[in-house]
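Peer 1: the following block contains a protein sequence and its predicted model.
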There are 2 protein chains.
Amino acid sequence: MERPLLERIRERGWRVTPQRRAIAGAFDGDHVDLTALDVHRRAAAVLPEVSLATVYNTLNELVQAGELREVDVLPGPCRYDPNVGPEPHHHVWCTTCGSLFDVRPTGLAGLAVPAAQRHGVEVADVQVLFRGTCRDCTLH
Amino acid sequence: MERPLLERIRERGWRVTPQRRAIAGAFDGDHVDLTALDVHRRAAAVLPEVSLATVYNTLNELVQAGELREVDVLPGPCRYDPNVGPEPHHHVWCTTCGSLFDVRPTGLAGLAVPAAQRHGVEVADVQVLFRGTCRDCTLH
DNA sequence: GTATATGCAAAGCATTTGCATTAAA
DNA sequence: TTTAATGCAAATGCTTTGCATATAC
């Protein structure tokens, strides 16, 4: 679990504006991965005037600063994940409702690409996506 | 390795038009995963009048028919993969130039999500993405 | 001949950008 | 007071759609 985003913004010496407070606040609690629209919806609940452009700009700045991770492993809009710890992490996704959860799978260490299939790519990183159906969607 | 797309179109009783011939032809050879624009570029090399809308429409029809697989595991436009065999497959991706290759990793069988982390999702499927840098990009 | 595929141009999202205005420090 | 952040509205990139025209069967 990470330190709150707002604290990390402050530590970077960035200006603390009401918008940034609202945007950072959107990630408080159980850190789900949010779309820009999710973030805007949550931020606007606290600060109705916050603009979508500012949400996008701020999310991008945070990604560039390494304080958010872009999760772009599934169809639809990009998601943002405040959990940027050292160990890469992975996801479980309900293909029906789109719910997305962080997960730390077992057996990662055994994964490898046979050299003959690497096409000259030096592998730096692995991302695993488990797809399935969540209980709510199974029950209709 | 799959049978040529055009043959599969014919077998479905679909009309064989010059456009469909050109679009199917784009996937001949080593089956890279192509974007719609890639397909359009290749198809237009053979049939200059083919429209991008037709490329999109045709790709979607082929996806719905199960003759193409959408690969939507990375940023940027969706890619289409003519290799729709039973075994799910995985990808190696150069994060610099965007090259994408199919891969059959070892160690897949050992991958699992601890029950406590499943958030009620019944896992049906796994997709693995290896990210790295290809030789060309490393050498500049 | 008839059903189906095509092309165009317009519309739809998600996202980015330019620039004048506002506000944090 | 200065520098940086915001909001707007317009632009972008990818993809879809409606509809009249063309064409495979």
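Peer 2: It's in.
Peer 1: any figure for the gap between the residue most central in space within chain A and B:I23?
Peer 2: Nearest to the mean C-alpha position of chain A, counting by Cα atoms, centre = their mean, stands A:D81 at 2.0 Å. Relative to B:I23, A:D81 is positioned 37 Å away (Cβ to Cβ, to the nearest Å). Where C-beta positions appear, they are placed from N, C-alpha and C, glycine not excepted.
Peer 1: same check, this time on A:P114
Peer 2: Counting by Cβ to Cβ, the separation of A:P114 from B:I23 is 32 Å.
Peer 1: may I have the phi/psi pair for the residue lying farthest from the centre of chain A?
Peer 2: In chain A, the residue that sits farthest from the middle, by Cα atoms, centre = their mean, is A:A116; the gap is 32.8 Å. Here is the backbone geometry of A:A116 (degrees, to the nearest 10): phi -60, psi -20.
Peer 1: ok, A:V71 next?
Peer 2: Its backbone dihedrals place A:V71 at phi -110, psi 110, with angles given as degrees, to the nearest 10.
Peer 1: A strand includes A:Q127, no?
Peer 2: Yes. Secondary structure of A:Q127, determined by DSSP: H, G, I helix; E, B strand; the rest coil: located in a strand.
Peer 1: report the beta-bridge partners for it.
Peer 2: Partner residues in beta bridges with A:Q127, using DSSP bridges, are B:L129.
Peer 1: and chain A, which of its residues are near DNA strand C?
Peer 2: Proximity of chain A to DNA strand C, by Cβ under 7 Å from any atom of the strand, involves residues A:15-18, A:35-37, A:52-53, A:56-57, A:60, A:76-78.
Peer 1: switch to 6 Å and redo it
Peer 2: Contact residues (Cβ under 6 Å from any atom of the strand) of chain A with DNA strand C: A:15-18, A:35-36, A:52-53, A:56-57, A:60, A:77-78.
Peer 1: of these, which belong to strands?
Peer 2: Counting by DSSP state E, the part of the residues of chain A next to DNA strand C found in strands is A:T35.
Peer 1: relative to A:G29, which of the residues of chain A next to DNA strand C is nearest.
Peer 2: Distances from these to A:G29 were compared by Cβ to Cβ; the smallest belongs to A:T35, at 16.2 Å.
Peer 1: verify the stated contact: that closest one with A:C78.
Peer 2: Yes. Under the criterion of Cβ atoms under 8 Å, A:T35 lies in contact with A:C78, with a separation of 6.9 Å.
Peer 1: what sits against A:V46?
Peer 2: A:V46 makes contact with A:21-22, A:25 under the criterion Cβ atoms under 8 Å, 6 or more residues apart in numbering or on different chains.
Peer 1: gap between it and DNA strand D?
Peer 2: According to Cβ to the nearest atom of the strand, to the nearest Å, A:V46 and DNA strand D sit 12 Å apart.
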